[in-house]
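Novice: here you go, sequence then predicted model.
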Amino acid sequence: MSAPPSALVIGSGFGGLALAIRLQSAGIATTVIEARDRPGGRAYVWKRDGYTFDAGPTVITDPACLEELWALSGSSMADDVTLMPVHPFYQLLWGDGTKFDYSNDEAALNAEIARLDPADVAGYARFLEYSRSVYGEGYVKLGAVPFLRFSSMIRAAPALMKHQAWRSVYSLVAGFVRNDKLRQALSFHTLLVGGNPMNTSSIYALIHHLEKTGGVWFAQGGTNALVDAMVTLFRRLGGTLILGDAVNRITHEGRKVTGVVTASGRRLDADMIASNGDLVHSYGLIDGSPYAARRVRALQRKRFSPSLFVVHFGLNGAVPQVAHHSILFSDRYGPLLDDIYRRGKLADDPSLYLHHPSATDPSMAPPGKSAFYALAPVPHLGKAPLDWSVEGPRYRDIVLNRVRQLLIPDLHERLECCFHYTPADFQTDLGAHLGSAFSLEPLLTQSAWFRAHNRDDHFANFYFVGAGTHPGAGIPGVVGSAKATASLMI
(Lines give C-alpha, C1' and ligand atoms only; values in the text may rest on other atoms or scores of the structure.)
Protein backbone atom coordinates (compact mmCIF):
# COMPACT_ATOMS: atom_id res chain seq x y z
CA MET A 1 0.00 0.00 0.00
CA SER A 2 1.27 3.49 -0.81
CA ALA A 3 1.86 5.95 1.99
CA PRO A 4 -0.80 8.65 2.49
CA PRO A 5 0.03 12.10 1.11
CA SER A 6 1.91 14.34 3.54
CA ALA A 7 1.84 18.04 4.32
CA LEU A 8 3.83 20.51 6.39
CA VAL A 9 2.19 23.61 7.84
CA ILE A 10 4.56 26.38 8.93
CA GLY A 11 3.09 28.29 11.86
CA SER A 12 0.38 27.40 14.38
CA GLY A 13 -1.87 30.45 14.32
CA PHE A 14 -5.62 30.05 13.89
CA GLY A 15 -5.20 29.71 10.13
CA GLY A 16 -2.42 27.13 10.34
CA LEU A 17 -4.23 24.99 12.90
CA ALA A 18 -7.55 25.19 11.04
CA LEU A 19 -5.82 24.10 7.84
CA ALA A 20 -3.95 21.29 9.62
CA ILE A 21 -7.22 19.98 11.11
CA ARG A 22 -8.87 19.95 7.68
CA LEU A 23 -5.93 18.15 6.07
CA GLN A 24 -5.59 15.59 8.84
CA SER A 25 -9.36 14.97 8.79
CA ALA A 26 -9.03 14.22 5.07
CA GLY A 27 -6.34 11.60 5.63
CA ILE A 28 -3.31 13.75 4.77
CA ALA A 29 -0.48 13.13 7.25
CA THR A 30 0.14 16.64 8.54
CA THR A 31 2.89 18.17 10.65
CA VAL A 32 2.69 21.70 12.06
CA ILE A 33 6.01 23.42 12.81
CA GLU A 34 5.99 26.35 15.22
CA ALA A 35 8.97 28.57 16.07
CA ARG A 36 7.68 29.69 19.47
CA ASP A 37 7.35 27.63 22.64
CA ARG A 38 3.53 27.66 22.47
CA PRO A 39 1.04 27.34 19.62
CA GLY A 40 -1.20 30.24 18.61
CA GLY A 41 0.89 32.71 16.61
CA ARG A 42 -0.70 36.09 17.25
CA ALA A 43 -3.06 34.29 19.65
CA TYR A 44 -0.20 33.71 22.10
CA VAL A 45 -0.66 33.83 25.88
CA TRP A 46 1.33 34.91 28.92
CA LYS A 47 0.70 33.69 32.46
CA ARG A 48 2.16 36.07 35.04
CA ASP A 49 1.53 36.52 38.76
CA GLY A 50 -1.62 34.42 38.55
CA TYR A 51 -3.05 36.41 35.60
CA THR A 52 -3.73 35.03 32.12
CA PHE A 53 -3.00 37.59 29.42
CA ASP A 54 -4.07 36.79 25.86
CA ALA A 55 -1.91 38.42 23.22
CA GLY A 56 -4.97 38.65 20.95
CA PRO A 57 -7.19 38.24 19.03
CA THR A 58 -9.90 38.29 21.67
CA VAL A 59 -13.14 38.98 19.74
CA ILE A 60 -14.63 35.67 18.55
CA THR A 61 -17.41 35.92 15.98
CA ASP A 62 -19.08 33.30 13.77
CA PRO A 63 -18.44 30.32 16.07
CA ALA A 64 -20.04 28.12 13.38
CA CYS A 65 -16.88 28.39 11.26
CA LEU A 66 -14.92 26.92 14.18
CA GLU A 67 -17.52 24.26 15.04
CA GLU A 68 -17.21 23.03 11.45
CA LEU A 69 -13.63 21.93 12.17
CA TRP A 70 -14.83 19.49 14.83
CA ALA A 71 -17.78 18.36 12.73
CA LEU A 72 -15.36 17.07 10.06
CA SER A 73 -14.60 14.14 12.36
CA GLY A 74 -18.02 13.87 13.95
CA SER A 75 -17.06 15.54 17.22
CA SER A 76 -18.16 18.74 18.96
CA MET A 77 -16.21 21.85 19.85
CA ALA A 78 -17.99 21.91 23.21
CA ASP A 79 -16.09 18.72 24.14
CA ASP A 80 -12.81 20.67 24.15
CA VAL A 81 -13.62 24.32 24.89
CA THR A 82 -16.50 26.45 26.17
CA LEU A 83 -17.47 29.67 24.39
CA MET A 84 -19.12 32.30 26.60
CA PRO A 85 -21.38 35.05 25.18
CA VAL A 86 -20.27 38.65 25.64
CA HIS A 87 -22.95 41.30 26.20
CA PRO A 88 -22.88 44.08 25.24
CA PHE A 89 -20.59 43.33 22.35
CA TYR A 90 -18.73 46.61 22.96
CA GLN A 91 -19.15 49.65 25.14
CA LEU A 92 -18.07 52.74 23.19
CA LEU A 93 -16.82 55.82 25.04
CA TRP A 94 -15.86 59.35 24.02
CA GLY A 95 -13.98 62.09 25.86
CA ASP A 96 -17.13 64.16 26.47
CA GLY A 97 -18.61 61.37 28.61
CA THR A 98 -20.86 59.82 25.94
CA LYS A 99 -21.31 56.06 26.31
CA PHE A 100 -22.91 53.73 23.77
CA ASP A 101 -23.62 50.02 24.28
CA TYR A 102 -23.43 48.08 21.01
CA SER A 103 -25.19 44.69 20.94
CA ASN A 104 -27.68 42.63 18.92
CA ASP A 105 -30.54 43.47 21.29
CA GLU A 106 -32.62 45.37 18.74
CA ALA A 107 -34.77 47.36 21.17
CA ALA A 108 -31.84 48.31 23.40
CA LEU A 109 -29.66 49.22 20.43
CA ASN A 110 -32.35 51.39 18.84
CA ALA A 111 -32.71 53.20 22.18
CA GLU A 112 -28.95 53.82 22.22
CA ILE A 113 -29.08 55.19 18.66
CA ALA A 114 -32.08 57.39 19.48
CA ARG A 115 -30.15 58.96 22.36
CA LEU A 116 -27.58 60.13 19.79
CA ASP A 117 -30.08 61.07 17.06
CA PRO A 118 -33.64 59.70 16.72
CA ALA A 119 -33.53 60.24 12.96
CA ASP A 120 -30.71 57.70 12.66
CA VAL A 121 -32.76 54.74 13.88
CA ALA A 122 -34.28 54.28 10.41
CA GLY A 123 -30.91 54.89 8.76
CA TYR A 124 -29.33 52.19 10.90
CA ALA A 125 -32.03 49.73 9.83
CA ARG A 126 -31.18 50.43 6.17
CA PHE A 127 -27.47 50.00 6.94
CA LEU A 128 -28.16 46.60 8.51
CA GLU A 129 -30.04 45.51 5.40
CA TYR A 130 -27.02 46.49 3.31
CA SER A 131 -24.76 44.57 5.73
CA ARG A 132 -26.98 41.49 5.42
CA SER A 133 -26.81 41.61 1.63
CA VAL A 134 -23.06 42.10 1.42
CA TYR A 135 -22.55 39.32 4.00
CA GLY A 136 -24.33 36.92 1.67
CA GLU A 137 -22.21 37.89 -1.31
CA GLY A 138 -18.84 38.60 0.31
CA TYR A 139 -18.71 36.09 3.16
CA VAL A 140 -21.06 33.20 2.44
CA LYS A 141 -20.41 32.93 -1.32
CA LEU A 142 -16.80 34.14 -1.60
CA GLY A 143 -15.23 33.96 1.88
CA ALA A 144 -13.82 30.44 1.46
CA VAL A 145 -13.36 30.39 -2.32
CA PRO A 146 -9.76 30.68 -3.60
CA PHE A 147 -9.13 33.39 -6.19
CA LEU A 148 -6.38 31.86 -8.34
CA ARG A 149 -7.23 33.50 -11.67
CA PHE A 150 -8.23 37.01 -12.61
CA SER A 151 -11.29 35.56 -14.31
CA SER A 152 -12.63 34.64 -10.85
CA MET A 153 -12.36 38.32 -9.93
CA ILE A 154 -14.27 39.26 -13.08
CA ARG A 155 -17.06 36.87 -12.11
CA ALA A 156 -17.28 38.51 -8.69
CA ALA A 157 -17.31 42.02 -10.18
CA PRO A 158 -21.10 42.40 -10.62
CA ALA A 159 -21.71 41.70 -6.93
CA LEU A 160 -18.91 44.08 -5.97
CA MET A 161 -20.36 46.81 -8.20
CA LYS A 162 -23.87 46.22 -6.85
CA HIS A 163 -22.61 46.81 -3.31
CA GLN A 164 -20.45 49.82 -4.25
CA ALA A 165 -17.28 48.06 -3.12
CA TRP A 166 -15.19 51.01 -4.32
CA ARG A 167 -16.60 53.13 -1.48
CA SER A 168 -15.03 53.11 1.97
CA VAL A 169 -16.84 51.72 4.99
CA TYR A 170 -16.97 55.19 6.54
CA SER A 171 -18.36 56.75 3.36
CA LEU A 172 -21.02 54.10 3.12
CA VAL A 173 -22.00 54.44 6.81
CA ALA A 174 -22.18 58.22 6.42
CA GLY A 175 -24.75 57.71 3.67
CA PHE A 176 -27.06 55.95 6.15
CA VAL A 177 -26.61 57.88 9.43
CA ARG A 178 -25.77 61.51 10.17
CA ASN A 179 -24.56 61.51 13.80
CA ASP A 180 -20.76 61.63 13.84
CA LYS A 181 -20.39 59.38 16.88
CA LEU A 182 -22.68 56.79 15.33
CA ARG A 183 -20.63 56.94 12.14
CA GLN A 184 -17.57 56.10 14.24
CA ALA A 185 -19.46 53.33 16.04
CA LEU A 186 -20.44 51.69 12.75
CA SER A 187 -17.07 52.00 11.02
CA PHE A 188 -14.39 51.24 13.63
CA HIS A 189 -14.67 47.45 13.12
CA THR A 190 -12.29 47.52 10.16
CA LEU A 191 -9.52 48.55 12.57
CA LEU A 192 -9.87 45.11 14.20
CA VAL A 193 -8.67 43.54 10.92
CA GLY A 194 -6.06 46.19 10.10
CA GLY A 195 -8.13 48.41 7.82
CA ASN A 196 -8.56 52.17 7.77
CA PRO A 197 -12.33 52.89 7.90
CA MET A 198 -11.71 55.77 5.50
CA ASN A 199 -10.14 53.48 2.85
CA THR A 200 -11.28 49.92 3.50
CA SER A 201 -13.86 48.60 1.04
CA SER A 202 -17.51 48.83 2.08
CA ILE A 203 -17.62 45.04 1.68
CA TYR A 204 -16.25 44.89 5.24
CA ALA A 205 -19.58 46.23 6.51
CA LEU A 206 -20.57 42.55 6.49
CA ILE A 207 -18.97 42.34 9.95
CA HIS A 208 -22.12 43.88 11.42
CA HIS A 209 -24.38 41.15 10.10
CA LEU A 210 -21.83 38.54 11.20
CA GLU A 211 -21.99 39.88 14.76
CA LYS A 212 -25.75 40.39 14.75
CA THR A 213 -26.54 36.81 13.75
CA GLY A 214 -23.62 34.95 15.31
CA GLY A 215 -22.95 37.05 18.38
CA VAL A 216 -19.63 37.92 20.06
CA TRP A 217 -17.99 35.27 22.21
CA PHE A 218 -15.06 34.63 24.53
CA ALA A 219 -13.35 31.29 25.13
CA GLN A 220 -13.43 30.25 28.78
CA GLY A 221 -9.83 30.36 29.97
CA GLY A 222 -8.88 32.85 27.24
CA THR A 223 -8.42 32.82 23.48
CA ASN A 224 -5.47 30.50 23.86
CA ALA A 225 -7.82 27.93 25.42
CA LEU A 226 -9.46 27.82 21.99
CA VAL A 227 -6.02 27.37 20.43
CA ASP A 228 -5.30 24.52 22.87
CA ALA A 229 -8.64 22.94 21.95
CA MET A 230 -7.71 23.04 18.25
CA VAL A 231 -4.36 21.44 19.06
CA THR A 232 -6.15 18.73 21.08
CA LEU A 233 -8.43 18.00 18.11
CA PHE A 234 -5.51 17.97 15.66
CA ARG A 235 -3.49 15.54 17.79
CA ARG A 236 -6.54 13.34 18.38
CA LEU A 237 -6.82 13.03 14.61
CA GLY A 238 -3.20 11.85 14.47
CA GLY A 239 -1.47 15.11 13.56
CA THR A 240 2.02 16.10 14.73
CA LEU A 241 2.92 19.47 16.31
CA ILE A 242 6.56 20.53 16.65
CA LEU A 243 7.20 23.51 18.96
CA GLY A 244 10.23 25.71 19.54
CA ASP A 245 11.94 24.99 16.21
CA ALA A 246 11.78 27.73 13.58
CA VAL A 247 11.87 26.92 9.89
CA ASN A 248 15.09 28.42 8.51
CA ARG A 249 14.81 27.25 4.92
CA ILE A 250 12.30 25.82 2.45
CA THR A 251 13.94 23.45 -0.04
CA HIS A 252 12.79 23.18 -3.63
CA GLU A 253 13.44 21.38 -6.88
CA GLY A 254 12.18 22.66 -10.20
CA ARG A 255 8.69 24.08 -9.68
CA LYS A 256 8.00 22.20 -6.47
CA VAL A 257 8.93 22.74 -2.84
CA THR A 258 10.28 19.58 -1.25
CA GLY A 259 10.69 20.20 2.47
CA VAL A 260 12.06 22.40 5.23
CA VAL A 261 15.19 22.73 7.34
CA THR A 262 14.68 23.98 10.89
CA ALA A 263 16.87 25.92 13.29
CA SER A 264 17.79 22.71 15.12
CA GLY A 265 18.96 21.14 11.86
CA ARG A 266 15.89 18.96 11.48
CA ARG A 267 15.01 18.12 7.87
CA LEU A 268 11.41 17.34 7.00
CA ASP A 269 10.11 16.42 3.55
CA ALA A 270 6.49 16.48 2.40
CA ASP A 271 4.32 16.34 -0.69
CA MET A 272 2.86 19.78 0.11
CA ILE A 273 3.87 22.79 2.21
CA ALA A 274 1.63 25.58 3.48
CA SER A 275 2.77 28.68 5.30
CA ASN A 276 0.76 30.44 8.00
CA GLY A 277 3.68 32.83 8.43
CA ASP A 278 4.30 36.35 7.19
CA LEU A 279 4.27 36.54 3.39
CA VAL A 280 7.57 38.37 2.95
CA HIS A 281 9.29 36.15 5.50
CA SER A 282 7.86 32.97 3.95
CA TYR A 283 9.11 33.73 0.45
CA GLY A 284 12.44 34.72 1.95
CA LEU A 285 12.82 31.16 3.27
CA ILE A 286 12.92 29.76 -0.28
CA ASP A 287 16.65 29.93 -0.66
CA GLY A 288 18.24 30.30 -4.10
CA SER A 289 15.03 30.93 -6.03
CA PRO A 290 15.03 34.00 -8.31
CA TYR A 291 11.24 33.74 -8.45
CA ALA A 292 10.93 33.89 -4.65
CA ALA A 293 13.30 36.87 -4.56
CA ARG A 294 11.07 38.68 -7.07
CA ARG A 295 8.01 37.89 -4.95
CA VAL A 296 9.69 39.37 -1.90
CA ARG A 297 10.42 42.59 -3.79
CA ALA A 298 6.87 42.75 -5.18
CA LEU A 299 5.31 42.21 -1.74
CA GLN A 300 7.52 44.86 -0.18
CA ARG A 301 5.99 47.39 -2.57
CA LYS A 302 2.47 46.67 -1.30
CA ARG A 303 0.69 48.52 1.50
CA PHE A 304 0.81 46.77 4.86
CA SER A 305 -1.55 47.21 7.78
CA PRO A 306 -0.39 49.21 10.79
CA SER A 307 1.04 47.68 13.90
CA LEU A 308 -0.24 47.63 17.47
CA PHE A 309 1.01 48.75 20.85
CA VAL A 310 -0.49 46.59 23.61
CA VAL A 311 -0.31 47.16 27.37
CA HIS A 312 -1.20 44.15 29.51
CA PHE A 313 -2.00 44.94 33.13
CA GLY A 314 -3.55 43.48 36.24
CA LEU A 315 -5.41 45.46 38.90
CA ASN A 316 -6.19 44.77 42.52
CA GLY A 317 -9.95 44.54 43.04
CA ALA A 318 -12.93 44.21 40.72
CA VAL A 319 -13.87 46.86 38.15
CA PRO A 320 -17.55 46.11 37.44
CA GLN A 321 -18.16 49.41 35.63
CA VAL A 322 -15.85 48.35 32.78
CA ALA A 323 -17.33 46.11 30.06
CA HIS A 324 -15.56 43.09 28.57
CA HIS A 325 -14.84 45.02 25.34
CA SER A 326 -14.56 48.82 25.37
CA ILE A 327 -13.61 51.22 22.59
CA LEU A 328 -12.16 54.51 23.85
CA PHE A 329 -12.36 56.97 20.97
CA SER A 330 -9.96 59.84 20.48
CA ASP A 331 -11.54 63.25 19.83
CA ARG A 332 -9.76 63.12 16.44
CA TYR A 333 -11.25 60.23 14.44
CA GLY A 334 -10.23 61.05 10.85
CA PRO A 335 -7.03 62.96 11.70
CA LEU A 336 -5.88 60.16 14.02
CA LEU A 337 -6.39 57.62 11.23
CA ASP A 338 -4.26 59.83 9.00
CA ASP A 339 -1.54 59.83 11.67
CA ILE A 340 -1.53 56.02 11.72
CA TYR A 341 -1.96 55.19 8.02
CA ARG A 342 -0.48 58.17 6.15
CA ARG A 343 1.75 60.41 8.24
CA GLY A 344 3.43 57.77 10.41
CA LYS A 345 2.95 59.88 13.52
CA LEU A 346 2.71 58.35 16.98
CA ALA A 347 -0.30 60.14 18.48
CA ASP A 348 -0.51 61.33 22.07
CA ASP A 349 -4.31 60.85 22.04
CA PRO A 350 -4.73 57.27 20.75
CA SER A 351 -8.03 55.48 20.37
CA LEU A 352 -7.95 52.27 22.40
CA TYR A 353 -9.53 48.86 22.42
CA LEU A 354 -9.73 47.84 26.09
CA HIS A 355 -10.08 44.12 26.81
CA HIS A 356 -11.36 43.13 30.27
CA PRO A 357 -11.66 39.32 30.12
CA SER A 358 -12.21 38.83 33.85
CA ALA A 359 -15.54 40.66 33.42
CA THR A 360 -16.81 37.47 31.74
CA ASP A 361 -14.39 34.87 33.05
CA PRO A 362 -13.03 35.57 36.57
CA SER A 363 -10.47 32.75 36.16
CA MET A 364 -8.40 35.10 33.96
CA ALA A 365 -7.19 36.87 37.14
CA PRO A 366 -6.41 35.81 40.72
CA PRO A 367 -9.39 35.97 43.13
CA GLY A 368 -10.47 39.54 43.75
CA LYS A 369 -8.36 40.96 40.90
CA SER A 370 -8.93 42.05 37.29
CA ALA A 371 -7.07 41.36 34.03
CA PHE A 372 -6.86 43.86 31.15
CA TYR A 373 -5.10 44.80 28.01
CA ALA A 374 -5.28 48.14 26.23
CA LEU A 375 -4.47 48.11 22.51
CA ALA A 376 -3.60 51.15 20.41
CA PRO A 377 -3.22 51.00 16.60
CA VAL A 378 0.12 52.60 15.72
CA PRO A 379 2.09 53.09 12.49
CA HIS A 380 4.16 50.14 11.34
CA LEU A 381 7.95 50.38 11.31
CA GLY A 382 8.03 51.43 7.66
CA LYS A 383 5.96 54.53 8.44
CA ALA A 384 7.51 55.24 11.84
CA PRO A 385 10.92 53.58 12.33
CA LEU A 386 10.98 54.30 16.05
CA ASP A 387 13.25 52.87 18.73
CA TRP A 388 10.57 51.10 20.74
CA SER A 389 12.97 50.30 23.57
CA VAL A 390 12.81 54.06 24.23
CA GLU A 391 9.26 54.79 23.06
CA GLY A 392 7.69 51.77 24.75
CA PRO A 393 7.76 52.95 28.39
CA ARG A 394 6.66 56.46 27.39
CA TYR A 395 3.76 55.21 25.30
CA ARG A 396 2.74 52.72 27.98
CA ASP A 397 2.17 55.67 30.31
CA ILE A 398 0.13 57.51 27.65
CA VAL A 399 -2.10 54.46 27.14
CA LEU A 400 -2.62 53.84 30.86
CA ASN A 401 -3.41 57.49 31.46
CA ARG A 402 -6.10 57.38 28.74
CA VAL A 403 -7.72 54.44 30.54
CA ARG A 404 -7.39 56.23 33.88
CA GLN A 405 -8.96 59.44 32.57
CA LEU A 406 -11.94 57.77 30.87
CA LEU A 407 -12.69 54.72 33.02
CA ILE A 408 -10.55 53.86 36.07
CA PRO A 409 -9.51 56.97 38.06
CA ASP A 410 -7.49 54.99 40.65
CA LEU A 411 -5.75 52.76 38.07
CA HIS A 412 -2.22 53.59 39.17
CA GLU A 413 -2.96 52.93 42.84
CA ARG A 414 -4.39 49.49 41.99
CA LEU A 415 -1.79 48.46 39.39
CA GLU A 416 -0.10 45.15 40.28
CA CYS A 417 1.29 43.76 37.04
CA CYS A 418 2.14 45.51 33.78
CA PHE A 419 4.10 44.86 30.59
CA HIS A 420 3.80 45.92 26.95
CA TYR A 421 4.20 44.58 23.41
CA THR A 422 5.44 46.78 20.55
CA PRO A 423 5.76 46.80 16.74
CA ALA A 424 9.36 45.67 17.21
CA ASP A 425 8.06 42.59 19.04
CA PHE A 426 5.68 41.81 16.16
CA GLN A 427 8.69 41.93 13.85
CA THR A 428 10.99 39.87 16.08
CA ASP A 429 8.62 37.29 17.56
CA LEU A 430 6.37 36.76 14.55
CA GLY A 431 8.62 37.65 11.62
CA ALA A 432 6.03 40.27 10.65
CA HIS A 433 7.18 42.51 7.81
CA LEU A 434 7.56 46.06 9.17
CA GLY A 435 5.98 44.84 12.41
CA SER A 436 2.56 44.83 10.74
CA ALA A 437 -0.09 43.25 12.96
CA PHE A 438 -2.48 42.18 10.17
CA SER A 439 -0.32 41.60 7.05
CA LEU A 440 -1.52 43.35 3.86
CA GLU A 441 -3.84 46.31 4.34
CA PRO A 442 -7.39 45.26 3.33
CA LEU A 443 -7.85 47.61 0.39
CA LEU A 444 -10.06 46.65 -2.55
CA THR A 445 -6.92 46.60 -4.70
CA GLN A 446 -5.32 44.15 -2.23
CA SER A 447 -8.32 41.84 -1.83
CA ALA A 448 -9.41 38.53 -3.39
CA TRP A 449 -7.27 37.90 -6.53
CA PHE A 450 -5.15 40.96 -5.71
CA ARG A 451 -4.18 39.43 -2.35
CA ALA A 452 -1.56 36.67 -2.01
CA HIS A 453 -3.04 33.57 -3.64
CA ASN A 454 -3.95 30.54 -1.54
CA ARG A 455 -1.74 28.49 -3.88
CA ASP A 456 1.48 29.94 -5.24
CA ASP A 457 1.56 30.66 -8.98
CA HIS A 458 5.01 29.12 -9.51
CA PHE A 459 5.55 26.37 -6.95
CA ALA A 460 2.65 24.04 -7.63
CA ASN A 461 2.62 22.50 -4.13
CA PHE A 462 3.25 25.64 -2.04
CA TYR A 463 0.25 27.21 -0.32
CA PHE A 464 -0.67 30.08 1.99
CA VAL A 465 -3.14 30.38 4.82
CA GLY A 466 -3.86 33.22 7.23
CA ALA A 467 -4.24 36.99 7.19
CA GLY A 468 -2.07 37.63 4.14
CA THR A 469 -4.13 35.54 1.75
CA HIS A 470 -7.83 35.55 0.81
CA PRO A 471 -10.10 36.54 2.53
CA GLY A 472 -7.96 38.36 5.14
CA ALA A 473 -7.49 38.96 8.86
CA GLY A 474 -9.71 38.22 11.86
CA ILE A 475 -10.63 34.78 13.18
CA PRO A 476 -13.44 34.15 10.65
CA GLY A 477 -11.17 35.42 7.88
CA VAL A 478 -8.19 33.18 8.61
CA VAL A 479 -10.42 30.16 9.33
CA GLY A 480 -12.10 30.86 5.97
CA SER A 481 -8.69 31.01 4.32
CA ALA A 482 -7.96 27.55 5.73
CA LYS A 483 -11.12 26.22 4.09
CA ALA A 484 -10.15 27.79 0.76
CA THR A 485 -6.57 26.50 0.92
CA ALA A 486 -7.62 23.02 2.08
CA SER A 487 -9.95 22.74 -0.92
CA LEU A 488 -6.91 23.11 -3.16
CA MET A 489 -4.62 20.79 -1.18
CA ILE A 490 -7.22 18.05 -0.77
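Specialist: Happy to help now that I have it.

Novice: next, residue 380: phi, psi?
Specialist: When read as degrees, to the nearest 10, the backbone of residue 380 gives phi -70, psi 170.

Novice: now the strands for the stretch 251-400 of the chain?
Specialist: 256-262, 267-269, 272-275, 307-316, 325-328, 352-355, 369-378 (DSSP state E, counting those that start in this stretch).

Novice: element containing residue 482, please.
Specialist: Per DSSP states H and E, residue 482 falls inside helix 475-489.

Novice: buried sites along that helix?
Specialist: 475-486, 489 (16 or more other C-beta atoms under 10 Å). Placement of C-beta: from N, CA and C, glycine included.

Novice: so where's the stretch 101-250 of the chain uncertain?
Specialist: 138-144, 147-163, 166 (pLDDT under 70).

Novice: strands of the stretch 101-250 of the chain, residue ranges please.
Specialist: Secondary structure of the stretch 101-250 of the chain, counting by DSSP E, counting those that start in this stretch: strands at 216-219, 240-242, 247-253.

Novice: could I get those strands as JSON lines with distance to residue 312 and mean neighbour count?
Specialist: Below are those laid out as JSON lines (distance: least, C-beta to C-beta, whole Å; neighbours: other C-beta atoms under 10 Å):
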{"stretch": "strand 216-219", "distance to residue 312": "16", "mean neighbour count": "24"}
{"stretch": "strand 240-242", "distance to residue 312": "26", "mean neighbour count": "16"}
{"stretch": "strand 247-253", "distance to residue 312": "28", "mean neighbour count": "18"}
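
Novice: next, format the ones you listed as a markdown table and append distance to residue 90.
Specialist: Below are these laid out as a markdown table (distance: least, C-beta to C-beta, whole Å):
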| stretch | distance to residue 90 |
| --- | --- |
| strand 216-219 | 8 |
| strand 240-242 | 34 |
| strand 247-253 | 37 |
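
Novice: so for residue 180, which of those sits nearest?
Specialist: strand 216-219 (24.2 Å; C-beta to C-beta).

Novice: identify the residues contacting that closest one?
Specialist: Contact partners of strand 216-219, identified using C-beta atoms under 8 Å, 6 or more residues apart in numbering, comprise 58-61, 63, 81-86, 89-90, 225-226, 229, 324-325, 357, 360-361.

Novice: residues contacting residue 17?
Specialist: Residues near residue 17 by C-beta under 8 Å, 6+ apart: 32, 39, 227, 230, 231, 234.

Novice: among these, which one sits closest to residue 275?
Specialist: When the contacts of residue 17 are compared for distance to residue 275 (C-beta to C-beta), residue 32 wins out at 11.3 Å.

Novice: indicate which one of the strands of the stretch 101-250 of the chain is closest to residue 23.
Specialist: From the strands of the stretch 101-250 of the chain, taking C-beta to C-beta, the stretch that ends up closest is strand 240-242, at 11.7 Å.

Novice: distance of the nearest residue to residue 80 once chain neighbours are set aside relative to residue 186?
Specialist: Leaving aside its chain neighbours, residue 80 sits nearest to residue 229 (3.7 Å; criterion: C-beta to C-beta, 6 or more residues apart in numbering). The gap separating residue 229 from residue 186 is 32 Å, by C-beta to C-beta, to the nearest Å.
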